[in-house]
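Peer 1: the following comprises the amino acid sequence and a computationally predicted model.
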Amino acid sequence: MSYDLMVFERTKAPQKRKEFLVWYDKETEWSEEHGYDDPAVTSPALRNWYEEMIKTFPNMDSPDAEVEDDDAEAHLTEYCIGHNVIYVAFAWSVAEEAYEKVKALAHKHGVGFYDVSNDDGEIILPDGNLME
């Protein structure tokens with residue numbers, strides 16, 4: 001099991017929580033006609049979020065990901081990149097740090113944030129308001 005979070009392109013997501021969760025289920029069927037490891041397929045805002053995120057949480061599937069010690073290994077992260085979402089799977093040992101980083105960078109880059117691993121997961125809009 002991993003600690004999962006997602007960021008999303010706000011302009012493409014529904015406005016209400018119930019509809020958002022249906023949209024989320026469809027997005028995570030991973031049925032787009034491309035690989036899910038290329039940041040070039042996503043929106044500019046999500047791509048900017050990703051480029052800053054991998055400085056702290058390197059993409060485990062990247063040939064550039066270096067593991068020097070246990071702490072570095074714990075920060076290796078799996079990214080699944082779609083047109084309108086980036087789904088991120090972290091090690092549980094870095095869950096609190098990951099939550100704070102993802103949330104802060106989502107706000108900075110103007111994308112939405114969804115706490116997938118929490119049963120009543122927050123869906124936070126780029127302006128910091130919770131989706132209801």
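Peer 2: Now that the structure is in, tell me what you want to look at.

Peer 1: contacts, neighbours, all on C-alpha from now
Peer 2: Fine.

Peer 1: give me the contact list for stretch 113-127.
Peer 2: 3-8, 10, 17, 99, 102-103, 106-107, 109-112, 130-131 (CA atoms under 8 Å, 6 or more residues apart in numbering).

Peer 1: how long is it end to end?
Peer 2: The stretch stretch 113-127 measures 11 Å between its terminal residues, going by CA to CA, to the nearest Å.

Peer 1: check stretch 113-132 too.
Peer 2: Counting by CA to CA, you get 13 Å between the two ends of stretch 113-132.

Peer 1: again, but for stretch 22-41
Peer 2: So stretch 22-41: terminal residues 22 Å apart, CA to CA.

Peer 1: before we move on, what about stretch 77-90?
Peer 2: First residue to last in stretch 77-90 (CA to CA) measures 5 Å.

Peer 1: just the helices from this structure, written as ranges.
Peer 2: Under the criterion DSSP state H, the chain contains helices at 17-27, 44-53, 70-75, 95-109.

Peer 1: angle of the longest one against helix 44-53?
Peer 2: Looking back up the chat, that one is helix 95-109. Relative orientation of helix 95-109 and helix 44-53, computed by axes from the mean of the first three to the mean of the last three CA atoms, to 10 degrees: 140 degrees.
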